[in-house]
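Visitor: Prediction below, plus the sequence it came from.
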Amino acid sequence: MSNFRFVYLFQQYINHNCTAQELQEFMDLVNKSKNDDQLKALMDELWEKVPAGKTLNSVTGERILNEIFASDTGVVSLQRRSLSVWYKVAASFAALAFLLGVLYYSFLGEKNQQRQQIVQKNDVAPGGNKAVLTLADGKQLILDSAVNGALAKQGNANVLKLKNGEIAYNSGSSADKEVMYNTLATPAGGQYKLILPDGSKVWLNAASSIRYPTAFAGKERNVEISGEAYFEVAKNAEMPFKVKIDGDTEVEVLGTHFDIMAYKNELKSATTLLEGSVRIKRGNNHQLLVPGQQAVYQRGVNNAVEVEKADLESVMAWKNGLFVFDNVNIEQVMRQIERWYDVEVVYKGKVPDISFTGVIPRNSNVSKVLQALESTGGLRFAIEGKRIIVYST
């Protein structure tokens, strides 16, 4: 059981979104945590982040929970409280997990149900596998609608769309290869996987691009990216792999797994190493990373590179189909939502000074994500076509 699964279940419970199966799984873990120090520490931390005064409401919910917890007020408050009380709550709650799993919809209350109906009429579906391949002559191929098989010929290389939707290159056996450059770009609301001519694998996040040769020749393998990409580089000690970012930064590797986040609307860019080693070059500043480290740098601000310990699960969340927020402010959260759902975010009034911690599947409609954010208190959302309006409450 990963920590992020527990965080996800905790969040589903707090937001009254647990299925009967998730509710039973969560309560089993809560009981287990009494004898598991690591799990207990994690739950301590999560419980402290529950907004004060958060309640499970509605008449049915009040009645059922009143019977379980013998609450004087008839409303079970999810305020931060001692864990001894929480464990007592959990033990009682687990006994009726199935019943509450069936009835949890009533916890939303009539007002919230009405809001859900409104949101669903103005919902936005999550992104998917979408990309445009620009060939050397400028011709563009829409990959999500292209048929599987050979798409084009670039010099001595055949461009292939595989059955699983990936793009790959078959460069043939000629030693004298004609090198051309292609660009693979994902739109907002898109992601895609590419296999480079040397066998290296690249996953592109939404609103990202990679420019690369159709065959690697010479002493180096050079590519250039914008946005965010995760690499699994094929090893070749005699031909280092180099990624150029922002025009002034270079990541050099021999064979390794790493993520680069370099969106132009983010304040900072970051290279995160999962396996192997990479060297970050910015002007005369060179930094060597070891697995688990992250190099953070701000575009346009000298050549400074800060090396710090990386939160690998947060970094890799997008590739694993998740939003993972760990004390992330609302503007950072909404920029991710803009890219993945291809929407415009507008703030009405002052931008709320609120941070979020939680895990949400990326295959959720945007309404589900917004409901989870709203449940923390302090803001509300409206969906108008492809525009999301953020209100401070």
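Guide: Everything's here; your move.

Visitor: Can you tell me the SS state at R335?
Guide: On the three-state scheme (DSSP: H, G, I helix; E, B strand; the rest coil), R335 is labelled helix.

Visitor: start the count at 35, not 1, going forward
Guide: That works, and once the first residue is 35, the last one we named lands at R369.

Visitor: So what's the residue count around it?
Guide: 16 (other CB atoms under 10 Å). Using the backbone N, CA and C atoms, a C-beta is placed for each residue, glycine as well.

Visitor: what helix or strand is the nearest residue to it once chain neighbours are set aside on?
Guide: Of all residues not flanking R369 in the chain, N299 sits nearest, at 6.3 Å (CB to CB, 6 or more residues apart in numbering). Assessed by DSSP states H and E, N299 sits outside every helix and strand.

Visitor: what's the answer for Q225, then?
Guide: Using DSSP H and E, Q225 falls in strand 224-229.

Visitor: Number of residues surrounding the residue nearest to R369?
Guide: N299 has 9 neighbouring residues, counting by other CB under 10 Å.

Visitor: about what we covered before: now do the strand holding Q225: which elements does it pack against?
Guide: Contact analysis of strand 224-229 by 3 or more CB pairs under 8 Å, 6 or more residues apart in numbering; DSSP states H and E lists strand 162-163, strand 201-204, strand 235-238 as its packing neighbours.

Visitor: And the next helix or strand past the second one?
Guide: Read in the C-terminal direction, the helix or strand following strand 201-204 is strand 215-219, with elements assigned using DSSP H and E.

Visitor: before we move on, back to that, confidence score at the residue nearest to R369?
Guide: N299 is assigned a predicted lDDT (pLDDT) of 91.

Visitor: you'd agree it is up against M368?
Guide: No - counting by CB atoms under 8 Å, N299 does not reach M368; the two are 11.1 Å apart.

Visitor: for stretch 218-230, which positions count as buried?
Guide: Across stretch 218-230, burial judged by 16 or more other CB atoms under 10 Å covers 218-230.

Visitor: got the contact list for it?
Guide: Applying CB atoms under 8 Å, 6 or more residues apart in numbering, the external contacts of stretch 218-230 come out as 160-168, 177-178, 196, 199-203, 235-244, 246, 250, 255, 257, 261, 268, 352, 372-376.

Visitor: tell me the mean pLDDT for it?
Guide: Mean predicted lDDT for stretch 218-230 stands at 97.

Visitor: what about that stretch, start to end distance?
Guide: End-to-end distance for stretch 218-230, by CA to CA, to the nearest Å: 11 Å.

Visitor: sorry, back to before: next, the angle from the strand holding Q225 to strand 215-219.
Guide: 140 degrees (axes from the mean of the first three to the mean of the last three CA atoms, to 10 degrees).

Visitor: related to what we said a few turns ago, right, and the helices and strands packed on strand 224-229 - which one's nearest I394?
Guide: Nearest to I394, of all the helices and strands packed on strand 224-229, is strand 162-163, at 16.8 Å by CB to CB.

Visitor: May I have the strands that pair with that closest one, each with its orientation?
Guide: Applying DSSP bridges to the sheet, strand 162-163 is found paired with strand 224-229 (parallel).

Visitor: Off-centre distance for the strand it pairs with?
Guide: Centre-to-centre, strand 224-229 and its host chain are 15 Å apart (CA atoms, centre = their mean, to the nearest Å).

Visitor: do stretch 340-348 as well
Guide: Put simply, stretch 340-348 sits 15 Å off its chain's centre (CA atoms, centre = their mean).

Visitor: Now it: average pLDDT?
Guide: For stretch 340-348, mean pLDDT rounds to 92.

Visitor: Pull out the buried residues from that stretch.
Guide: For stretch 340-348, by 16+ other CB under 10 Å, it's 344, 347-348.

Visitor: Then stretch 375-388?
Guide: 375-377, 379, 381, 386, 388.

Visitor: What is the nearest of these to V213?
Guide: When those are compared for distance to V213 (CB to CB), D376 wins out at 33.7 Å.

Visitor: Quick check: phi and psi on that closest one?
Guide: Dihedral angles of D376 (phi, psi; degrees, to the nearest 10) stand at phi 50, psi 60.

Visitor: tell me the contacts of it?
Guide: 158, 161, 221-223, 240, 420.

Visitor: G233 now?
Guide: Neighbouring residues of G233 by CB under 8 Å, 6+ apart: A268.

Visitor: Recalculate using a threshold of 10 Å.
Guide: For G233, the contact set (CB atoms under 10 Å, 6 or more residues apart in numbering) comprises 202-203, 266-270.

Visitor: what ranges of the stretch 35-184 of the chain fall below the confidence cut-off?
Guide: Along the stretch 35-184 of the chain, the parts satisfying pLDDT under 70 run over 35-39, 47-58, 65, 67-68, 73, 77-155.

Visitor: okay, the longest strand anywhere in the chain in PDB with CA atoms only?
Guide: For the chain, the strand with the greatest residue count under DSSP state E is strand 255-266. Extracted C-alpha coordinates of strand 255-266, given in PDB (Å, rounded to 0.1, in the frame of the first residue of the first chain):
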ATOM      1  CA  ARG A 255      22.300  12.700 -29.400                       C
ATOM      2  CA  ASN A 256      20.700  16.100 -29.200                       C
ATOM      3  CA  VAL A 257      17.000  17.000 -28.600                       C
ATOM      4  CA  GLU A 258      15.200  20.100 -27.500                       C
ATOM      5  CA  ILE A 259      12.100  20.300 -25.400                       C
ATOM      6  CA  SER A 260       9.500  22.800 -24.000                       C
ATOM      7  CA  GLY A 261       6.900  22.000 -21.400                       C
ATOM      8  CA  GLU A 262       7.400  18.800 -19.500                       C
ATOM      9  CA  ALA A 263       8.800  15.400 -20.600                       C
ATOM     10  CA  TYR A 264       9.900  12.200 -18.900                       C
ATOM     11  CA  PHE A 265      12.900  10.300 -20.500                       C
ATOM     12  CA  GLU A 266      14.100   6.800 -20.300                       C
END
